[in-house]
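Colleague: No letters, just coordinates:
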């Protein structure tokens, strides 16, 4: 008697395999490509960088002109206008943070001997800003004080670093400023406390200290400060910016490299995931988390903008460039192959089961 033919591969299993192959190819391709945004704005020299998730674009601030601009993923740049008459004349704008919950842009302003923090309401339809408050930040040493980077907590409080005096200001939702934390143990330096991030759910700040290379853990409630224990190979001297992804992985950037760090104990101790060498030309000191948790650096040539020492003509082109961990990319590139292997194993198991079923059926018929 003729043997029963094997039934065709079930439609559901076929779709399952095709979908996994498609996802795998897409993931492999995506993991190999770094997103680079180039944009043209003569003499802009941006230093501040933040991400507006509502509009899916970046916001940058000019260190030369004290202006704010949006930059889309394909490099279209537009100026955010402001009619505020009480803003400092020709300020140096450094750190930026975007308050998604309240649609506010927070900026660290500086004029000669006077540090400020400003909050603006963003109007997307008109590409304009309305000033909510401009706060003069208290200091005992105006000649060395400088507001640098900004971080926000869920309540709308802003945390602003002062890299001249090694302190952190806390600015309330309505603009009231006070000193939250002061490092009296480290030597004085013109570049002390620098980049800062707020860790959601932990009420903690992480702050990089450029002159000592320390990563500091600061209680956002009482200001208690302590050093994060780092591996010996992690040397954060000259670090500037810092950003944290939703998964808790932290990126610390200097003008020549990025350190990718994580912690399992609320940042009592940090672990090194990866160390990435950067192209130092362009002064990539600002870092921000953009769309889909991707991490971006701003190559704004801000040092040229502040010193006026440009090479030849004034610069016109700048870029925002995705940075990724090689270690993480390798790990991500493995899982598609694992899923394909699982799909094939599933197929082989199905084939084996169907073969047994057909053989048993043939035996019964015979």
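Modeller: Thanks, I have the structure now. Please read all numbers here as calculations on a predicted model, not as lab measurements.
Colleague: tally of neighbours for the closest residue to residue 88 other than its chain neighbours?
Modeller: Of all residues not flanking residue 88 in the chain, residue 111 sits nearest, at 4.5 Å (CB to CB, 6 or more residues apart in numbering). All C-beta atoms are positioned from the backbone trio N, CA, C, and that covers glycine. Residues contacting residue 111 under the criterion other CB atoms under 10 Å number 14.
Colleague: bridging residues for residue 111?
Modeller: On the basis of DSSP bridges, residue 111 is bridged to residue 114.
Colleague: That one: what's it in contact with?
Modeller: The contact partners of residue 111, by CB atoms under 8 Å, 6 or more residues apart in numbering, come to 88-92.
Colleague: Just flag the most distant two among the residues you listed.
Modeller: Greatest spatial distance among the contacts of residue 111 (CB to CB): 89 and 92, at 11.4 Å.
Colleague: between these two, which one's more packed in?
Modeller: Comparing residue 89 with residue 92 by other CB under 10 Å, the one with more neighbours is residue 92, at 22 against 6.
Colleague: now the more buried one, which residues is it bridged with?
Modeller: On DSSP bridges, the residues paired with residue 92 through beta bridges are residue 110.
Colleague: Contacts only, for it.
Modeller: Residues in contact with residue 92 (CB under 8 Å, 6+ apart) are 63, 66, 109-111, 306.
Colleague: how near is it to residue 45?
Modeller: According to CB to CB, to the nearest Å, residue 92 stands 10 Å off from residue 45.
Colleague: so what sits against both of these two?
Modeller: Residues touching both residue 92 and residue 45 (CB under 8 Å, 6+ apart): 63, 306.
Colleague: Is residue 225 in contact with residue 214, as I believe?
Modeller: No: using CB atoms under 8 Å, residue 225 is not in contact with residue 214, being 9.8 Å away.
Colleague: now do the same end-to-end measure for stretch 201-219.
Modeller: 12 Å (CA to CA, to the nearest Å).
Colleague: From the contacts of residue 111, pick the one nearest residue 192.
Modeller: residue 92 (17.4 Å).
Colleague: ok, what's across the strand from residue 147?
Modeller: Assigned bridge partners for residue 147, using DSSP bridges, are residue 162.
Colleague: and it, what is it in contact with?
Modeller: Applying CB under 8 Å, 6+ apart, the residues near residue 147 are 94-95, 108-110, 115-117, 137, 160-162, 169.
Colleague: That one and residue 135, how far apart?
Modeller: Residue 147 is 10 Å from residue 135, by CB to CB.
Colleague: who touches both of these two?
Modeller: 116-117.
Colleague: Show me what the residue lying closest to residue 300 once chain neighbours are set aside bridges to in the sheet.
Modeller: Spatial nearest neighbour of residue 300, excluding adjacent residues (CB to CB, 6+ apart): residue 46 at 4.0 Å. Residue 46 has the following beta-bridge partners by DSSP bridges: residue 62.
Colleague: next one: residue 209
Modeller: residue 193, residue 214.
Colleague: Go through the host helix or strand of residue 78 and flag the buried ones.
Modeller: Here residue 78, judged by DSSP states H and E, is contained in strand 77-82. Buried residues in strand 77-82, counting neighbours by 16 or more other CB atoms under 10 Å, are found at 77, 80.
Colleague: what pairs with it, and is each one parallel or antiparallel?
Modeller: With DSSP bridges as the test, strand 77-82 is paired with strand 68-71 (antiparallel), strand 128-136 (parallel).
Colleague: picking that back up, with the contacts of residue 147 in mind, which one is nearest to residue 316?
Modeller: Distance to residue 316 across the contacts of residue 147 (CB to CB) is lowest for residue 94, with 21.9 Å.
Colleague: Count the neighbours of that closest one for me.
Modeller: 28.
Colleague: in the helix or strand harbouring it, what counts as buried?
Modeller: Per DSSP H and E, residue 94 falls inside strand 92-99. Neighbour-count burial for strand 92-99 flags 92-99 (criterion: 16+ other CB under 10 Å).
Colleague: Let me know the closest of those to residue 195.
Modeller: Of all those, residue 195 sits closest to residue 95, with 8.1 Å by CB to CB.
Colleague: my read: that closest one touches residue 150, true?
Modeller: Yes: between residue 95 and residue 150 there is a contact under CB under 8 Å: 4.1 Å.
Colleague: Common neighbours of those two, please.
Modeller: Listed contacts common to residue 95 and residue 150 are 107-108, 160, 196; contacts here mean CB under 8 Å, 6+ apart.
Colleague: So, low pLDDT: which residues of the stretch 51-200 of the chain?
Modeller: The stretch 51-200 of the chain contains residues with pLDDT under 70 at 186-190.
Colleague: what comes up buried for stretch 191-209?
Modeller: 191-199, 204-209.
Colleague: for stretch 239-246, same thing?
Modeller: Buried, per 16+ other CB under 10 Å, within stretch 239-246: 239-244.
Colleague: Likewise for stretch 173-180?
Modeller: So, applying 16+ other CB under 10 Å, buried residues of stretch 173-180: 173, 177, 179-180.
Colleague: who's in contact with stretch 259-272?
Modeller: Residues contacting stretch 259-272 (CB under 8 Å, 6+ apart): 199, 202, 204, 206, 215, 217, 228-231, 233-234, 236, 239, 248-253, 273-276, 325, 327-328.
Colleague: now those residues: which count as buried?
Modeller: By neighbour count, with 16+ other CB under 10 Å, the contacts of stretch 259-272 hold 199, 204, 206, 215, 217, 228, 230, 234, 236, 239, 249-253, 273-276, 325 as buried.
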